[in-house]
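Q: Got a predicted model here, sequence first, then my questions.
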Amino acid sequence: MRISAFILACSLIAAPTLALADPTGSYNVAGHATDGSSYKGTVEVTRTGPTYKVVWNIDGKKSIGTGLGSHFDGPGSFTTGPASEKDIALSVGYVNKDSFGICSYARRADGSWAGIWTYGDSQKIVQEIWTPK
C-alpha cells in the first residue's frame with residue numbers, strides 16, 4: 001500500500017509536465033522477478049473502450065492484463081476509472097499460464113512508465129520499467 005501511494009505521489013509531482021500522457025503504445029520492458037533475476041521483453045497497451053488491454057511477452061511467455069487509468073481533472077481532483085488519453089497512471093490485473101497478479105504504473109517525464117507488480121500468493125513486490133519503442 002505504501003509503495004502504491006509513493007507511485008501516486010510521484011505521478012502527482014510530475015503531473016504538470018505530463019500533458020496527455022496516454023499509456024497506449026508499444027514498449028520494451030525490463031524488470032526483476034521476485035527471485036531477484038532480471039528479465040526483458042515487450043509490452044503492448046491498447047485502449048479497449050473504457051479499459052486497457054496490456055499484453056506482455058517475456059521470454060516467449062505471454063501475460064494478458066486489463067487496466068484502469070488515472071488522471072487529473074483539475075486542482076485537487078484525481079480520477080481513476082475509464083481509459084482516457086489524459087491518463088498518467090495505470091492499474092492492471094493480469095493472468096498468464098502459471099499465475100495472476102496486479103501491477104501499478106506511473107508515467108515519467110521522459111515518456112517511460114515505472115511500475116511495481118506482484119502475483120497471487122506472493123509476499124514480494126518488484127519493479128518494472130516500460131520504455132517506448
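A: Received it, and whenever you're ready, just let me know what you need. Numbers count the residues shown, from 1 in each chain.

Q: For residue 40, list each beta-bridge partner.
A: Beta-bridge pairing for residue 40 (DSSP bridges): residue 30.

Q: biggest strand in this protein, by residue count?
A: Scanning the chain for the longest strand, with DSSP state E as the assignment, gives strand 61-74.

Q: Now do stretch 110-119: everything it contacts.
A: The contact list for stretch 110-119, computed with Cβ atoms under 8 Å, 6 or more residues apart in numbering, reads 3-4, 7, 10, 23, 27, 31, 34, 90, 99-108, 124-132. Heads up, the C-betas are built off the backbone N, CA and C, glycines and all.

Q: residue contacts, the residue lying closest to residue 50 once chain neighbours are set aside?
A: Leaving out its chain neighbours, the residue that sits closest to residue 50 by Cβ to Cβ, 6 or more residues apart in numbering is residue 82, at 3.7 Å. Neighbouring residues of residue 82 by Cβ under 8 Å, 6+ apart: 49, 50, 51, 68, 69.

Q: What separation is there between residue 82 and residue 51?
A: Residue 82 sits 8 Å away from residue 51, going by Cβ to Cβ, to the nearest Å.

Q: Can you pull the residues that touch both of the two?
A: Any residue near both residue 82 and residue 51 by Cβ under 8 Å, 6+ apart counts here, and that gives residue 68.

Q: which ones are touching the most far-flung residue of the chain relative to its centre?
A: Most distant residue from the mean C-alpha position of the chain: residue 75, 23.5 Å away (Cα atoms, centre = their mean). By Cβ under 8 Å, 6+ apart, the contact set of residue 75 is empty.

Q: how close does the most centrally placed residue in the chain sit to residue 36?
A: By Cα atoms, centre = their mean, the chain has its centre lying nearest to residue 105, at 3.2 Å. As for residue 105, its distance to residue 36 is 21 Å (criterion: Cβ to Cβ).

Q: about what we covered before: might one say that the residue nearest to the centre of the chain is in contact with residue 90?
A: Yes - using Cβ atoms under 8 Å as the test, residue 105 is close enough to residue 90 to be in contact (4.5 Å).

Q: what is in contact with these two at once?
A: Residues touching both residue 105 and residue 90 (Cβ under 8 Å, 6+ apart) are 23, 113, 115.

Q: Before I go, just wanted to say thanks for your time.
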